[in-house]
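Enquirer: show me how the following folds:
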Amino acid sequence: MPRRVLGLNLFWRTFAWLALLLAGAGLTWQAAFRALEAEPRALQAAQQLGDLVLLSRAALSDVEPIQRLVIIKSIERDATIKVQVAELRDEWKAYEHTPFARQVAQALIQRLGPDTFVAESVNGQSGLWVRFMAGRDAFWLRASHEPSASLPTPRAWWLLIVVAATLLGSAIIAGLINRPLRALSVAAGRIREGEYDSRLDEHTLTSEIREVNRGFNRMARVLAKLDQDRSVMLAGISHDLRTPLARLRLEVEMSVHDPAAQLAMAQDIDQLDAVIGKFMDYARPGEVSQQILLLADVLERETQSFRDPNQIRFRLRVPPNLRVKGDRTEVSRVFQNLFENARRYGHQPDQAALVDILAQIQGNEVLVTLRDHGPGVPQTVLSELTKPFYRANSARTAASGSGLGLAIVEKSLSRMGAHLEIVNAEDGGLITRIRFQRAD
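Expert: Numbers count the residues shown, from 1 in each chain. Prediction:
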């Protein structure tokens, strides 16, 4: 069986790359937006907090100490800030734990003056603290909420929408990119199977795809014309050659009186007729009709056509109800060529060929194994046996052979979706394995 090539097809590779590109672009955009947004947000936070400090300074500057306590209490009660008197023993930590915090602190100092201090904690109490002067006294003002450079955290449903939109957009774009390539692949597969009527859209908007489709359609038309000419030529060859062969046979029977010469000439004519048949079989068009065949009946019929036990004998082990998918004519042609090949080459000198045939189920396939007991072939030429006109060595070259038997077998099996494998047996002989599609 041919090995399956592991990996993703073009659609999924394109989809994965587009999804990664869009996701990366989204993350990069978000990071850039955060960086660009940080400075304006820092200035805005510093301005708002600076306004609160200025208002507090104005309220505390020109009042008596007793009145200041009243004002501080009223500020804490009615506002979201806290104001307390700064003392020399206060312990505080500078507000610079992040780049955004340093931007806020610098903006506040520029707005309120160089005697301003910004802290992230005072006497163990965390927050955003601003130390300012009101008259000759110093005060701390703490904002209730520390400004943040982070953007609002999106909700889960919004993230799901973004991910779904990214995947959907990637799938649509990948589908649009790969649709013409998929159509080209399908059309090429039909051409390979001998269906030359496949046509691609020649009016697509993409100029490169349009030119490829036009070239493919021209190729398909040329191949269809060549196939039609071949069919006409084969019909003419078959008629023009076999008609004079029939006349020669008749003249031999009537004019030649020596029985030995008559037999030799008749065999030569039969050989020519068989060679013409081989050429016709190999060049036959590739259309097949898949049918459900009872394998035992097909093998029984083909083995019975080789009637001379002095030349070839068969041992069959085939389940009686085993069914396969294939074209009846093609399957018969496959076994005819294999049996003929075994009759000629699959035996020892002065012995009849013995062919063992075994059929067994393997998953969705049926494995048919044919084994002869001849000399086999050199290991180095096994892969060459199915090439047209190739002969392994002089010992396997008969005057009646055309060199097309195994080539016809491989071509017929390929038309039906079956597979051929030829190996040498360990104790001598040639083993041919055929994998048919199993029919339930």
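
Enquirer: which residue ranges form the strands in the stretch 201-350 of the chain?
Expert: 291-294, 312-317, 323-326 (DSSP state E, counting those that start in this stretch).

Enquirer: D51 - that's part of a helix, no?
Expert: Yes - per DSSP: H, G, I helix; E, B strand; the rest coil, D51 lies within a helix segment.

Enquirer: for it, give its distance to W17.
Expert: 51 Å (C-beta to C-beta, to the nearest Å). C-beta coordinates here come from the backbone N, C-alpha and C atoms, glycine included.

Enquirer: equivalent analysis for D201, please.
Expert: Going from D201 to W17 by C-beta to C-beta gives 26 Å.

Enquirer: count the neighbours of the residue lying closest to N341 once chain neighbours are set aside for me.
Expert: For N341, ignoring the flanking residues on the chain, the nearest one in space by C-beta to C-beta, 6 or more residues apart in numbering is G405 at 5.1 Å. G405 is flanked by 21 other residues according to other C-beta atoms under 10 Å.

Enquirer: try W12
Expert: By other C-beta under 10 Å, 13 other residues sit near W12.

Enquirer: likewise the one 5 residues further on?
Expert: The criterion is other C-beta under 10 Å. On that basis, W17 has 12 neighbouring residues.

Enquirer: residues touching it, list them.
Expert: By C-beta atoms under 8 Å, 6 or more residues apart in numbering, W17 lies in contact with nothing.

Enquirer: which residues of the stretch 151-300 of the chain fall in helices?
Expert: With DSSP state H, counting those that start in this stretch, the ranges of helices along the stretch 151-300 of the chain come out as 156-192, 207-255, 259-282, 295-304.

Enquirer: for those helices, which one sits closest to I81?
Expert: helix 156-192 (33.2 Å; C-beta to C-beta).

Enquirer: pLDDT averaged over the closest one - what is it?
Expert: The predicted model assigns helix 156-192 a mean pLDDT of 76.

Enquirer: got it, and stretch 262-275?
Expert: Mean predicted confidence for stretch 262-275 is 71.

Enquirer: mind putting the helices of the stretch 151-300 of the chain in TSV, mean neighbour count included?
Expert: Converted to TSV, the helices of the stretch 151-300 of the chain look like this (neighbours: other C-beta atoms under 10 Å):
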stretch	mean neighbour count
helix 156-192	14
helix 207-255	13
helix 259-282	15
helix 295-304	16
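
Enquirer: turn those into JSON lines, columns for distance to V324.
Expert: Below are those laid out as JSON lines (distance: least, C-beta to C-beta, whole Å):
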{"stretch": "helix 156-192", "distance to V324": "22"}
{"stretch": "helix 207-255", "distance to V324": "28"}
{"stretch": "helix 259-282", "distance to V324": "21"}
{"stretch": "helix 295-304", "distance to V324": "5"}
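
Enquirer: what's the closest of those to R433?
Expert: That would be helix 295-304 among the helices of the stretch 151-300 of the chain, by C-beta to C-beta, at 14.3 Å.

Enquirer: E426: which of the helices of the stretch 151-300 of the chain is closest?
Expert: helix 295-304 (24.8 Å).

Enquirer: let me see the contact set for the residue nearest to N341.
Expert: G405 touches K278, N337, L338, E340, N341, counting by C-beta under 8 Å, 6+ apart.

Enquirer: which of those sit farthest apart?
Expert: K278 and L338 (13.7 Å).

Enquirer: what is the helix or strand that contains R435 packed up against?
Expert: Assigned by DSSP states H and E, R435 belongs to strand 430-438. In terms of contacts (3 or more C-beta pairs under 8 Å, 6 or more residues apart in numbering; DSSP states H and E), strand 430-438 is packed against strand 323-326, helix 328-345, strand 365-371, strand 419-424.

Enquirer: mind running it again at 6 Å?
Expert: For strand 430-438, the packing partners by 3 or more C-beta pairs under 6 Å, 6 or more residues apart in numbering; DSSP states H and E come out as strand 365-371, strand 419-424.

Enquirer: hey, which of those is tucked in deepest?
Expert: Neighbour counts (mean count of other C-beta atoms under 10 Å) averaged over each of the helices and strands packed on strand 430-438 peak at strand 365-371, with a mean of 20.

Enquirer: and that one, what does it pack against?
Expert: If you count contacts as 3+ C-beta pairs under 6 Å, 6+ apart, strand 365-371 packs onto strand 353-362, strand 430-438.

Enquirer: could you list the domains of this protein?
Expert: 10-143, 289-438 (automatic domain parsing).

Enquirer: could I get those as JSON lines with mean pLDDT?
Expert: Compiled in JSON lines, these are given as follows (pLDDT from 0 to 100):
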{"stretch": "domain 10-143", "mean pLDDT": "77"}
{"stretch": "domain 289-438", "mean pLDDT": "84"}
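
Enquirer: so which of the ones you listed is nearest T206?
Expert: Of all the domains of the chain, domain 10-143 sits nearest to T206, with 15.2 Å by C-beta to C-beta.
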